[in-house]
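> Sharing a model prediction with you, sequence too.
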Amino acid sequence: MRLRPHVVSALVRKDASRLVRNGPALMLLGLFVLVGVLLGSSGLVDEEPGEAGTPATQARREASWIVHWENGPWIELLKRRSPPELGLRFVDATESEGLRYPPDVCVIEIRGSRFFADRGQVRRPVHYRYPGNDPKVLWPVTRWFLSVSLEHFGQMPQFFETIQPLAPPARTQDPRAALERVSIADVLNVSLLGSALLTTILFFASCGLLVSLTAQERERGALRALLLTPATFLEFVLSKIVVHVGMALTASAVVMGALQPAVLGSLLFWSTMLALSLGYFSIGLLIASFAKDQAAPNLLSFGYLMLIGALNLLSYRFEAFRLVSGLTFERYGLRFTLLSLENPGLDVASSLAVMRSTEFRSLVLIVGALVLISSAIGARRLRAH
Amino acid sequence: MIHIDQLTVRFGSFVAVDGLSLDVRPGEILGFLGPNGAGKTTTIRVLTGGLRPTSGTVEIGGHSMPLQLQRIKDVCGYVPDTEDHFEELSGRDNLRIFARLYRLPRKRVDEVLARLELTEAAGLAVGRYSKGMRKKLMIAREIMHAPRVLFCDEPTANLDAHSTGVVRRILADLRDDGTTVLLTTHNMTEVEEICDRVAILAGGRLIDHDSPSNFILRHAERRVRVERDVDGRQVRDQFDMDDEVQRAALADLVRDRAELRIHSLDFRFEDVFRKITGEVYR
């Protein structure tokens, strides 16, 4: 197995030259980046939830309650790490009788561990309660809470989570009024939009473009010409990784630079981006290996994205789909993307703690296996002419 | 330089190459001929590492295929019968990619462009090249690293007479410099002009191999064409002088008719090829 820098460099320059001349692909990638920049400049980024000056928000600044039915090192760490600006008040529920919340505080209720028979799991119920109608006011306190919990548990905490308003809406209220309060804008936040945008960019740059360009090279015979030179298949694959994964990561950096700059310093974020990008690259290489023209693989890669999306959605409802989606790297990758966007200021130690979790190891394992399998199949199929 | 021993390639029950054994000497141009479907391209695919043989062995420059493919790739060039360029890049940029892979100096690119008379079009995107220019660019690319073995699959197809001459001259020069050329072509004039030896395949098997002149000597038929006037119409007949009956018939004609025009017919390599492959498929 030879790996020579001048060969990899020549192949990278070749792909870069071809990409520069591929107007439609550049335009589409630029469009994704533009969406990120527009979202960033639209105020979504800077809008700390609830900072609009509503009474509820002001109350949150004054007091958020952490109500706990258990005690121990985790609760002690939460107390030690509580930032003054959140105005946190810790309430030991076991010592409080007839607990009543003021109408204008955010509350995190930490219940004792419970066995959920329907899931066959032991989980700790955590209920988030918010004042008013806007769950976004919970944002700063949940961000802090998850970050410290991650630090304590060393992996994604296995919570059974619910989000509820402090006061349920009165049944006598006119339903039309409730309808008016609900807006799609309430659902949108940086983490969700960022995750969706990043997934699209990573998929397009690492899989879609790879499939398109490689299938084109194969169809035209240029791939055969390249593989008849001293370039090895390993060098060929490595150059593709440099170009496509590099492009995916660069575009992600630009988008997040506009949308959530704080996340750019997160080790967890970049590790997740790299893993997802390599995963999509492997899928692209597999599809390109079986394609002899351009049309079929482009459809196939688009179909793959749809299939994975459907699989992950169904996995929340049906056990069989959950088992299958557990074998896909997207299931873990997307969760860590969301996690790193929700905790943009995660330091290296906390990132490493998360990356030692079973779920992150599963992500790395699945992506590693995919890279090996797709390279082996690609070496066999793409070299044939 | 190229040693093929009992090479067999099967696709399911179809035998594309059937026990082919052949040696190609260093510094010779071997015409690798055969009708369509004879197994030429399949053999070249094996020789260039694009296809694993079902059985048999192949050695190129002392390196066995496919175990030492990487070493073989260093010394080989392959001009395929179909285009394989990066269409959006210029001719010069296409060559530069390969020059970098072989660590050749930039001036080498300009040298081969000039040699193939492509200097003026070097800055144009290959998508705007004519078929002939694309073919010449492919040849330029494959001779750029001065390979010791060059596989050429119909290198002069689609070329005009002038460009054909240029390519033939380049192949002859390469041979003179010690390069071994395995040439596939359907142009028999080309075979007679530049090939040192010829191997003829049919049905996946090697039928015969020899120099073009020896082929003609061995297979030439002495024939004459006789033109005569019958009732005001001109009639033409051919007579095989190696056939006793036809020779006697011609003698009768000569005796009976005062005015006959008799021409001896040339027997070219194309006739040999038709004769040999025709016998195989008859």
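Sure thing, it's come through.
> dump the residue contacts of the residue in the stretch 51-200 of chain A that chain B sits nearest to.
Distance from chain B to each residue of the stretch 51-200 of chain A (CB to the nearest CB) is smallest for residue A:200, at 25.2 Å. From N, CA and C alone the C-beta is placed, and that goes for glycine too. Residues near residue A:200 by CB atoms under 8 Å, 6 or more residues apart in numbering or on different chains: residue A:32.
> go on, residue A:154?
Taking CB under 8 Å, 6+ apart, one finds A:353, A:354, A:356, A:357 in contact with residue A:154.
> tell me which of the residues you listed is nearest to residue A:206?
Nearest to residue A:206 out of the contacts of residue A:154 is residue A:354 (CB to CB; 22.7 Å).
> per-residue confidence for the residue of the stretch 51-200 of chain A closest to chain B?
You'll see residue A:200 listed with a pLDDT of 90.
> which ones are touching the residue in the stretch 101-250 of chain B positioned nearest to chain A?
The nearest approach of the stretch 101-250 of chain B to chain A comes at residue B:101, 4.6 Å away (CB to the nearest CB). Contact analysis of residue B:101 by CB under 8 Å, 6+ apart lists A:7, A:10, A:11, A:226, A:229, A:230, A:231.
> Mind doing that once more with 7 Å?
Taking CB atoms under 7 Å, 6 or more residues apart in numbering or on different chains, we find residue B:101 in contact with A:7, A:10, A:229, A:230, A:231.
> Excluding chain neighbours, give the residue nearest to it in space.
Using CB to CB, 6 or more residues apart in numbering or on different chains and skipping residues adjacent in sequence, the residue nearest residue B:101 is residue A:229, 4.6 Å away.
> Quick check: phi and psi at the one you found.
Note on residue A:229: its backbone torsions stand at phi -80, psi 180 [degrees, to the nearest 10].
> Can you pull the residues of the stretch 1-150 of chain B lying near chain A?
Counting by CB under 7 Å from any CB of the partner chain, the stretch 1-150 of chain B comes close to chain A at B:45, B:48, B:50-51, B:70, B:73-74, B:78, B:80, B:82-89, B:93, B:97-98, B:100-103.
> what separates residue A:40 from chain B, distance-wise?
Residue A:40 sits 33 Å away from chain B, going by CB to the nearest CB, to the nearest Å.
> Assign that residue to helix, strand or coil.
When classified by DSSP: H, G, I helix; E, B strand; the rest coil, residue A:40 comes out as helix.
> same thing with residue B:229?
Residue B:229 falls in the strand class when you classify it by three-state DSSP.
> What's opposite it in the beta bridge?
Beta-bridge pairing for residue B:229 (DSSP bridges): residue B:234.
> tell me which residues in the helix or strand of chain B with the lowest mean pLDDT are buried?
The weakest-scoring helix or strand in chain B, judged by mean pLDDT, DSSP states H and E, is helix B:269-281 (a mean of 76). Neighbour-count burial for helix B:269-281, counted by 16 or more other CB atoms under 10 Å in any protein chain shown, picks out B:269, B:271, B:272, B:273, B:276, B:277, B:280.
> And for stretch B:100-118?
Across stretch B:100-118, burial judged by 16+ other CB under 10 Å covers B:100, B:101, B:102, B:104, B:108, B:109, B:112, B:113, B:115, B:116, B:118.
> ok now that stretch, how far from the chain's centre?
With CA atoms, centre = their mean, to the nearest Å as the basis, stretch B:100-118 stands 25 Å off its chain's centre.
> Next, the distance between the ends of it.
In stretch B:100-118, first residue to last residue: 20 Å (CA to CA, to the nearest Å).
> pLDDT of that stretch, averaged?
Stretch B:100-118 shows an average pLDDT of 92 in the prediction.
> Quick one: the helices in the stretch 101-250 of chain B, in order.
Assigned by DSSP state H, counting those that start in this stretch, the stretch 101-250 of chain B shows helices spanning B:106-115, B:131-143, B:161-176, B:188-194, B:212-219, B:244-256.
> Quick check on residue 87: phi, psi?
Chain wasn't specified; assuming chain A. When read as degrees, to the nearest 10, the backbone of residue A:87 gives phi 60, psi 50.
> nope, chain B please
According to degrees, to the nearest 10, the main-chain angles of residue B:87 amount to phi -60, psi -30.
> Chain neighbours aside, what residue packs nearest to it?
Distances taken as CB to CB, 6+ apart place residue B:127 nearest to residue B:87, at 4.2 Å, with adjacent residues excluded.
> sorry, back to before: can you turn the buried part of the contacts of residue A:154 into a ChimeraX selection?
Selecting just the buried residues from the contacts of residue A:154 in ChimeraX takes one command, with 16+ other CB under 10 Å as the test:
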select /A:353,354,357
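> what would the contacts of residue A:154 look like in TSV with distance to chain B and pLDDT?
Output for the contacts of residue A:154, formatted as TSV (distance: CB to the nearest CB, whole Å; pLDDT from 0 to 100):
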residue	distance to chain B	pLDDT
A:353	44	83
A:354	42	83
A:356	40	86
A:357	42	85
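> Would you mind measuring from residue A:379 to residue A:12?
As for residue A:379, its distance to residue A:12 is 19 Å (criterion: CB to CB, to the nearest Å).
> Then residue B:75?
Taking CB to CB, one finds residue B:75 at 25 Å from residue A:12.
> So for the helix or strand that contains residue A:284, mean pLDDT?
Secondary structure from DSSP states H and E places residue A:284 in helix A:267-289. Across helix A:267-289, pLDDT averages out at 94.
> and the next element down the chain from it?
Toward the C-terminus, helix A:267-289 is succeeded by helix A:295-315 as the next helix or strand (DSSP H and E).
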